[in-house]
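Engineer: sharing a model prediction with you, sequence too.
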Amino acid sequence: MNATSDYYSDPSFTIFRVPTWRAHFYKFLSVDIWGNLPGNIQRKISAWYSSFYNKPASKKIIKPYIRINYSDENYLDKFKPPYGKKDFESFQDFFIREFKSLPKNESPYVWPCEGLLCDADKVHALNLVQVKSDTRSISTVFGLQKGQIPREYTFTNVFLHNKNYHRIHSPINGTILRIQHVPGDLVVLRPWIYKENPSLPAFRNERYNIDIKDEDGRTWYISIIGGPAVGTIKLSKNICVGNNINRLQELSLFYLGSTCCMAAPIPPRHHIKNTFVEVGIPY
């Protein structure tokens, strides 16, 4: 089942069928080799790698990239350059493109981002994860202690491919209760190389956690997670503890690479694991 709207021209995602042996090899490279480098080295290498996308010459790859990755040649017409610019001056500008107008529907709960729903289950049903010498629960993703998130909440993880829109929006109307920055690694995010646990990077990567209390007094937990080549996770304007926030108000943007986890008091009503979700459609 995949509930999508007509707003997007290309609501699709390829789930790579990686053989188990190859997935284990990629995981070894990501976690055991790259993941054991000091965090400052990971960030320096990532910054060096991503620096090309900020250069004016990189804008030349935007049109070929669109031709290769989107079936609609007019895909970019739905978006505008960031920061009030008149043109996309680099590939990074395209990557952090803004909506010309936000999707509209009457649902009180919406998806905060676009990508592959690679994990979805009740908090109590998810396994503990071993990260280095620590055993971590789902609460760890959100910077909390085990048991602080109710057992019956639903955990979801949306992986944002490079082709996806890379801004995160609020799924509800509410009030921001907490904002937390968690330093960490920048291991590879692609879920198909973590067959046993597609959300493994969420337990160990650098991230911002934002808690929002909805109009019924329930807390929604959001974790915005970086990966290799992420220069910055930037919080959006007026995202401060104590501020009221509207449904679909922007929370943050990524400068390359990302995944977004959420622990919510209700389960998704229209989507199951390994389906594609879009910003602003009913959760």
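Structural biologist: Arrived safely, thanks for sending.

Engineer: the bottom helix or strand of this protein by mean pLDDT?
Structural biologist: strand 129-131 (a mean of 71; mean pLDDT, DSSP states H and E).

Engineer: just checking, Leu177 touches Thr219?
Structural biologist: Yes: applying CB atoms under 8 Å, one finds Leu177 in contact with Thr219, separated by 6.4 Å. Backbone N, C-alpha and C define where each C-beta goes, glycine included.

Engineer: how about the helices in the chain?
Structural biologist: 20-27, 39-50, 62-69, 91-95, 138-141, 200-204 (DSSP state H).

Engineer: let me have the ones you listed in a markdown table, adding mean pLDDT, distance to Gly147 and mean neighbour count as columns.
Structural biologist: Listed next are the helices of the chain as a markdown table, based on pLDDT from 0 to 100; distance: least, CB to CB, whole Å; neighbours: other CB atoms under 10 Å:
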| stretch | mean pLDDT | distance to Gly147 | mean neighbour count |
| --- | --- | --- | --- |
| helix 20-27 | 88 | 29 | 14 |
| helix 39-50 | 82 | 28 | 14 |
| helix 62-69 | 91 | 42 | 13 |
| helix 91-95 | 91 | 38 | 22 |
| helix 138-141 | 93 | 7 | 23 |
| helix 200-204 | 88 | 16 | 26 |
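
Engineer: between these, which one is closest to Ile149.
Structural biologist: When the helices of the chain are compared by CB to CB, helix 138-141 sits nearest Ile149, at 5.1 Å.

Engineer: give me the contacts around that closest one.
Structural biologist: Identification of contacts with helix 138-141 by CB atoms under 8 Å, 6 or more residues apart in numbering yields 123, 126, 129, 145-149, 155, 199, 202-203, 207, 223, 261, 263.

Engineer: what's the closest of the helices of the chain to Pro108?
Structural biologist: helix 138-141 (24.3 Å).

Engineer: how far does the closest one sit from the chain's center?
Structural biologist: A distance of 16 Å separates the centroid of the chain from that of helix 138-141, by CA atoms, centre = their mean, to the nearest Å.

Engineer: could I have that helix exported to CSV, CA atoms only?
Structural biologist: Provided in CSV are the C-alpha atoms of helix 138-141 (Å, rounded to 0.1, in the frame of the first residue of the first chain):
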residue,chain,number,x,y,z
ILE,A,138,15.1,3.0,20.7
SER,A,139,15.0,5.8,23.3
THR,A,140,18.7,6.3,22.7
VAL,A,141,18.0,7.6,19.2
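
Engineer: sorry, back to before: out of the helices of the chain, flag the one nearest Glu250.
Structural biologist: By CB to CB (comparing all of those), the closest turns out to be helix 91-95, at 15.2 Å.

Engineer: what helices and strands are in contact with the closest one?
Structural biologist: helix 62-69 (3 or more CB pairs under 8 Å, 6 or more residues apart in numbering; DSSP states H and E).

Engineer: chain center to the helix it packs on, what's the gap?
Structural biologist: 22 Å.

Engineer: which strands or helices does that helix pack on?
Structural biologist: Helix 62-69 packs on helix 91-95, going by 3+ CB pairs under 8 Å, 6+ apart.

Engineer: ranges for the strands of the stretch 151-283 of the chain?
Structural biologist: Along the stretch 151-283 of the chain, counting by DSSP state E, counting those that start in this stretch, strands occupy 154-160, 167-169, 174-182, 207-214, 219-225, 233-235, 244-245, 250-254, 258-264, 275-277.
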